[in-house]
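**Student:** what's the 3D shape of this:
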Amino acid sequence: MRRAASCFRLAPTLALIGGLFLSGIAPGASAQSPELTGTLKKIRDTGVIALGHRAESAPFSFVNAEGRPDGYSVDLCLGVADSIKETLQLPRLQVKWVPVTSADRIDQVTSGKVDLECGTTSATLSRQASVDFSNLIFVDGTGLLVRNDRNVRRIADLANGTVAVTAGTTTEAALRQAFAQRAITATVVTVKNELEGLAAVEAGHFDAYANDRLILIGVARKARDLSALSLVDEDASMEPYALMMRHDPSFRLAVNRSLSALYRSPGIGEIYDRWFGGFGQPSPLLAAMYYLNATPE
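**Tutor:** Next comes the predicted model:
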């Protein structure tokens, strides 16, 4: 990841702006309503918020050694839950964790089993026909994990090769588009999850495994021999992550109010450092995303 001036140095400026224009306004104050509907009513009536999480999408959403959901996206969702608890004036709010996969995550949300999905879901226009999304929480690029002995150094080297992608992700369509733009003929095969993709590349069954770059970095650390693998230094696409929910303007506003407050504070720097500090400062694109989504009240 390229080094860049940290977006978090903007925090004092943003805080000053907030102090001048937002004095006296609490983060969730305007969200309160005596006639709640939809997801917020469900949460208030049951005292439970259902958060979806992934099992193997470190460092964004995974199950840690203690068996609990953890990761960057999980931390953001817990912040949202705390904000909603305060807004709804609930003495207690139970967080119910629901495991989801790339294949069933949309159905889990639309069916009502999950109120907010905390994973690595890219916000796309086609998905918005079925679900809604928060403001962006991360931007990443689609990368390729390869064995060094395959001599794959760029996407063009996969001509007549075979590439694995995780089922139910936007990576498959992005990869096919990248191949078409470069007039490359290659076979794309789906796998169930990240660990299956890693195992297939290690065993030599495929020439590459495609996924978002930070996910590939995380899964590669579980390889039998990390030195035998590398990432192709060419992105196939840009992936804009967001928290997924049902179509519900009031709930979306509550989620975005929490995220915007976080982006205006030093807290986002602490969360970034916790999960990505080893990769260096945020890229210019990610820094701009935080800045542009620090929406004022």
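**Student:** return the list of strands paired to the top strand by length along the chain, each annotated with direction.
**Tutor:** Ranked by residue count, the top strand of the chain under DSSP state E comes out as strand 132-147. Counting by DSSP bridges, the strands paired with strand 132-147 are strand 208-212 (antiparallel), strand 229-231 (antiparallel), strand 238-245 (antiparallel).
**Student:** dump these into JSON lines; add mean pLDDT and mean neighbour count as well.
**Tutor:** From N, CA and C alone the C-beta is placed, and that goes for glycine too. JSON lines is the format used below for the strands paired with strand 132-147 (pLDDT from 0 to 100; neighbours: other C-beta atoms under 10 Å):
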{"stretch": "strand 208-212", "mean pLDDT": "93", "mean neighbour count": "29"}
{"stretch": "strand 229-231", "mean pLDDT": "93", "mean neighbour count": "16"}
{"stretch": "strand 238-245", "mean pLDDT": "94", "mean neighbour count": "22"}
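**Student:** so can I have JSON lines of those strands showing distance to Pro266?
**Tutor:** Below are the strands paired with strand 132-147 laid out as JSON lines (distance: least, C-beta to C-beta, whole Å):
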{"stretch": "strand 208-212", "distance to Pro266": "26"}
{"stretch": "strand 229-231", "distance to Pro266": "31"}
{"stretch": "strand 238-245", "distance to Pro266": "21"}
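**Student:** centre of the chain to the next helix or strand after the longest strand of the chain, how far?
**Tutor:** Counting by DSSP states H and E, the next helix or strand C-terminal to strand 132-147 is strand 162-166. Distance of strand 162-166 from the chain centroid (C-alpha atoms, centre = their mean, to the nearest Å) equals 20 Å.
**Student:** note down every partner strand of strand 162-166 and its orientation.
**Tutor:** In the sheet, strand 162-166 lines up with strand 187-191 (parallel), strand 208-212 (parallel) (DSSP bridges).
**Student:** avg pLDDT for it?
**Tutor:** The predicted model gives strand 162-166 an average pLDDT of 95.
**Student:** going along the chain, name the strands of this structure.
**Tutor:** Using DSSP E, strands in the chain cover 48-53, 56-57, 61-63, 69-70, 94-99, 116-118, 132-147, 162-166, 187-191, 208-212, 229-231, 238-245.
**Student:** follow-up on the earlier one: distance to Ala129 added to the strands paired with strand 162-166, as JSON lines?
**Tutor:** Putting the strands paired with strand 162-166 into JSON lines (distance: least, C-beta to C-beta, whole Å) gives the following:
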{"stretch": "strand 187-191", "distance to Ala129": "22"}
{"stretch": "strand 208-212", "distance to Ala129": "23"}
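**Student:** who wins for proximity to Asp75 among those strands?
**Tutor:** Comparing the strands paired with strand 162-166 against Asp75 with C-beta to C-beta, the closest turns out to be strand 208-212 (17.9 Å).
**Student:** contacts for the closest one next, please.
**Tutor:** 120, 140-146, 150, 152, 158, 161, 163-166, 169, 171, 175, 191, 194, 197-198, 200-201, 216, 219, 232, 236, 239 (C-beta atoms under 8 Å, 6 or more residues apart in numbering).
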